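> Build the 3D model from these lines:
(6 chains)
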Number of protein chains: 6
Amino acid sequence: MWIFEKKLEYPVRVGGPNPRLAKVIITQYGGPDGELAASLRYLTQRYTMPLPQAKAVLTDIGTEELAHMEIVATLVYNLIKDAPLEEIKRAGLDGYYADHDRALYFVNAAGAPWTATYIQSKGDPVTDLHENMAAEQKARSTYEYLIQLSDDPDVSDTLKFLREREIVHFQRFGETLNLVHEYLDRKKYY
Amino acid sequence: MWIFEKKLEYPVRVGGPNPRLAKVIITQYGGPDGELAASLRYLTQRYTMPLPQAKAVLTDIGTEELAHMEIVATLVYNLIKDAPLEEIKRAGLDGYYADHDRALYFVNAAGAPWTATYIQSKGDPVTDLHENMAAEQKARSTYEYLIQLSDDPDVSDTLKFLREREIVHFQRFGETLNLVHEYLDRKKYY
Amino acid sequence: MWIFEKKLEYPVRVGGPNPRLAKVIITQYGGPDGELAASLRYLTQRYTMPLPQAKAVLTDIGTEELAHMEIVATLVYNLIKDAPLEEIKRAGLDGYYADHDRALYFVNAAGAPWTATYIQSKGDPVTDLHENMAAEQKARSTYEYLIQLSDDPDVSDTLKFLREREIVHFQRFGETLNLVHEYLDRKKYY
Amino acid sequence: MWIFEKKLEYPVRVGGPNPRLAKVIITQYGGPDGELAASLRYLTQRYTMPLPQAKAVLTDIGTEELAHMEIVATLVYNLIKDAPLEEIKRAGLDGYYADHDRALYFVNAAGAPWTATYIQSKGDPVTDLHENMAAEQKARSTYEYLIQLSDDPDVSDTLKFLREREIVHFQRFGETLNLVHEYLDRKKYY
Amino acid sequence: MWIFEKKLEYPVRVGGPNPRLAKVIITQYGGPDGELAASLRYLTQRYTMPLPQAKAVLTDIGTEELAHMEIVATLVYNLIKDAPLEEIKRAGLDGYYADHDRALYFVNAAGAPWTATYIQSKGDPVTDLHENMAAEQKARSTYEYLIQLSDDPDVSDTLKFLREREIVHFQRFGETLNLVHEYLDRKKYY
Amino acid sequence: MWIFEKKLEYPVRVGGPNPRLAKVIITQYGGPDGELAASLRYLTQRYTMPLPQAKAVLTDIGTEELAHMEIVATLVYNLIKDAPLEEIKRAGLDGYYADHDRALYFVNAAGAPWTATYIQSKGDPVTDLHENMAAEQKARSTYEYLIQLSDDPDVSDTLKFLREREIVHFQRFGETLNLVHEYLDRKKYY
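Sure thing, here's the model as predicted:
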């Protein structure tokens, strides 16, 4: 189970209302390679990992991605909560507004709702860890594109922090894959 | 952010492998009215709640539903992890097995993947609380049907606990709705 | 069965071509909380209602929502049928145009196609009526956001009529819920 | 707008509870080539038809398909409403039961929820009428497969009636296509 | 099996970067009536065609649609590969960019991902050929709308070629339908 | 463009009608980690690869996956084409039969239609190659589960061939990733 702590893993500051930027960043909330996808992928795969260390890494990173989901939510919300309706229209966010006002919802930047088909969980630890390394690369790429699209240095700072964490996760999944390979090789000898 | 505590909110015990039962219970993991849907719905709505108490209730229940998701995952996993392949076939779970082995994945009992279109977040606190009261009723009904389908008393015990929690949540959302109505009425006087 | 009567439940008038407005209003045609969703939800739930009055209310409102679907269709069509292509482009409706010309199709304001996962039907009358009360609140909220987005007083007039009807439906579902509760309580005494 | 008349277009009789049969027939309620798909397809296309007769045919058939949707709903409901839970399990309908009890919901025979991507509406009358002729052929084929699967003569009788209607609709769409071709040819002369 | 030949079926030339145009043309890559849908529809239906000529036509056209998919991919890619980020933003393609950079992905013009529910395969050759004739009409209409939206004569030239091919395919499916009807009639005599 | 050659890449032989086996194998046709997903993923990513060798590998493997799609289609079709209706029912394939007769359609083993959200294309070559290595691992795992489920040695033989090819592809994507890393490192020096 999880305990909520009223604290963000990393501070969120925005330069001002910016619905245009919110519209693209939301993809890391509810898009194909976003934080929800990451968190659910790892938390659901941990049951079939053959090593306690592997289970722990998945639980650990899966839990951290929940915190990142909260960071992205806070970013997006802060970018739209005080935006005047006219600015929301100009940003092309009026379609979103019609269905969700200034609330948060799990969509990608084109408005397609999140679906579990974005993620996979195969039971095979080697396969799942490759899936996760790919997931971290995809998340890293997305943060890079968002940083290029960002015109708010405060937002970019948070996006850079999130991008760095994906690189760290990629490394940890790589190390876990080595552990699992060693374990599976060893198993064959007995 | 969330801290993981290596402990289930409620103990999970199963009478033995039972893929047939797993196949239906999984709907409370990745189905329309399951724990994932509940948790994400509340955690995403809390940003637009106008009262600190309302935000707190959503965070609180949303976090508890994460723990329920973990309970359901443990239930389903325990019901399939030692099931022989022949039993998996007889239970009609071979289609699931082909794609996921004995791992967990977010589908309903018919195998349809989870989608964010199951939930809503409208920005209007009265609307969102009605959405949540309906969600709790839908979850309660599903647990009732699962209890009827269950032939394992240990599993039924856990399902009953989960059903009770939905009723408690329904009450709390009802009380929160009253608070919000009061607040909105008061606002009109000034 | 239904008999078509060549008459709108409420007159539709528009100030002129306005694809920008059409693009958001279409969500009440094919979006998550729109008239199609409402109508299908009620018409499909009526089979499992335990009281003739409850069945009648669902049939009645489900049929009225079909009429509302027609009103929204007429609104959207009148807003785009004479719009020059350049205006359609400026409104960001060129993507829609590529697939549907100026015809009607069941999408939300972001272009996501309608899906039955927006609605639910649980067999439990208390649950279904809560689902419906929530649905009416969601529809009401959407009409409010659309009225805020509207720059055409004639269109706003129709939207206000539709919003009012949702409030009336909410009341009727509330009363039906009371009847059902009474009936279920009474059943327990015998 | 539509007026509901409390009468089925064709009588529905079933030989007894038969959840196995219900499980496949439901595809004509909420499946790709079912009555919902047909009705919505025609009712949404009528706005862009260039001839009053074409609009009338679409409205007419679209309204009749609503009546067929009601017939199929009644069939499915009568086949499951009194089925004991054990029979529902044996029929592999327990997954459906977990989410919907014995209520009706818009899915195909494999449990995939209805989606608007099953239908199209292109604005071009020649194209739309071809789409509709194909739709009627697909519905006819489905009824043939269902008749082959049926082991209840009463149910087969209703399925045969519905199949015949699809053939009639196919003819009417063919005649309407001729009218539209004539009209478009004539338009070119002036 | 297929052999790749490094050659486009028809030359692709573009007047310059034009993300706005790319955004709509992509629907013929991954949209409801696009080349992927066409190719997969025919290649999957060929197994149940009763005549060698019919199988051959489906294989033939299904393979040509793969070539068209490649043409559309090249068109879209050439229109975005050198587009500056600012132009991508102005074209409203920044949402797409956040998830895919300047790479190709299977979406319609509104960003909805491709789904197999766009196509059908019914086992009945008469039905499938009607489905295909409708598909060709839908593709033809889409190319017409794209030509209207195009402001690049080189692109329009390629779109016109593709439109013409759809008309040819429509004819060939019509002829194949006649062959199949003849064959089915003949079968009845023996 | 592609040239069709009337020859399977690997012979397909089946021991007899076996709809139960067909029902699970179909996931490698239209499921999340199947041949369609693989082929489309590689063929769409090749445009943004920075090296001619990388483009060639993607084209090459993407084209081979088309041939595998054809092998899987032939397998599935041969397993159902002569199966009596009673056997189809016993195999739980009657739901599929109601919608598709004995024809082929793109679904996973639970009947969920194929969706492009199964695949990704990010524009970043390192990311895309990791995505592809994960895809090959997922396909390999699926073939292993299918081999475990298979009770037909002829079918198992073909499944083993396909599994081996996924391992070869995994290696080739790994080598291509090295080439791309070298290239990107070199680029930084100039």
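> can we go C-alpha only for contacts and neighbour counts from here?
Fine.
> Longest helix in chain A, please.
Longest helix in chain A by number of residues (criterion: DSSP state H): helix A:153-189.
> I'd like the mean pLDDT over that one, please.
Averaged over helix A:153-189, pLDDT sits at 95.
> Indicate whether that helix makes contact with chain E.
No. No part of helix A:153-189 sits near chain E under the criterion Cα under 8 Å from any Cα of the partner chain; the closest distance found is 12.7 Å.
> Can you tell me which helices and strands that helix packs against?
helix A:52-80, helix A:125-149 (3 or more Cα pairs under 8 Å, 6 or more residues apart in numbering or on different chains; DSSP states H and E).
> got the CA positions of the helix or strand following the first one in PDB?
Under the assignment DSSP states H and E, the closest C-terminal helix or strand after helix A:52-80 is helix A:85-90. These are the backbone C-alpha positions of helix A:85-90, laid out as PDB (Å, rounded to 0.1, in the frame of the first residue of the first chain):
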ATOM      1  CA  LEU A  85     -11.000  31.800 -21.800                       C
ATOM      2  CA  GLU A  86      -9.800  33.800 -24.800                       C
ATOM      3  CA  GLU A  87      -6.300  32.500 -24.300                       C
ATOM      4  CA  ILE A  88      -7.600  29.000 -24.000                       C
ATOM      5  CA  LYS A  89      -9.400  29.400 -27.400                       C
ATOM      6  CA  ARG A  90      -6.300  30.900 -29.000                       C
END
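> so what's the residue in chain A positioned nearest to chain C up against?
Of all residues in chain A, the one sitting closest to chain C is A:Gly95 (4.5 Å; Cα to the nearest Cα). By Cα atoms under 8 Å, 6 or more residues apart in numbering or on different chains, the residues touching A:Gly95 are C:23-24, C:108-110.
> what about 10 Å?
A:88-89, A:101, A:111, C:20-21, C:23-27, C:108-111, C:146, C:149 (Cα atoms under 10 Å, 6 or more residues apart in numbering or on different chains).
> chain center to the helix or strand bottoming out on mean pLDDT in chain A: distance?
The least trusted helix or strand in chain A, going by mean pLDDT, DSSP states H and E, turns out to be helix A:153-189, with a mean of 95. Helix A:153-189 has its average C-alpha position 14 Å from the chain's average C-alpha position, going by Cα atoms, centre = their mean, to the nearest Å.
> how far off helix A:125-149 does that helix point, in degrees?
Interaxial angle of helix A:153-189 relative to helix A:125-149 (axes from the mean of the first three to the mean of the last three Cα atoms, to 10 degrees): 170 degrees.
> what angle do helix A:153-189 and helix A:52-80 make?
160 degrees.
> May I see the buried residues of helix A:153-189?
The neighbour-count check on helix A:153-189 (16 or more other Cα atoms under 10 Å in any protein chain shown) flags A:155-160, A:162-163, A:165-167, A:169-170, A:172-174, A:176-177, A:180 as buried.
> Then stretch A:28-48?
A:28-48.
> Report whether it contacts chain E.
Yes. Against chain E, stretch A:28-48 shows contacts by Cα under 10 Å from any Cα of the partner chain at A:28, A:31-34.
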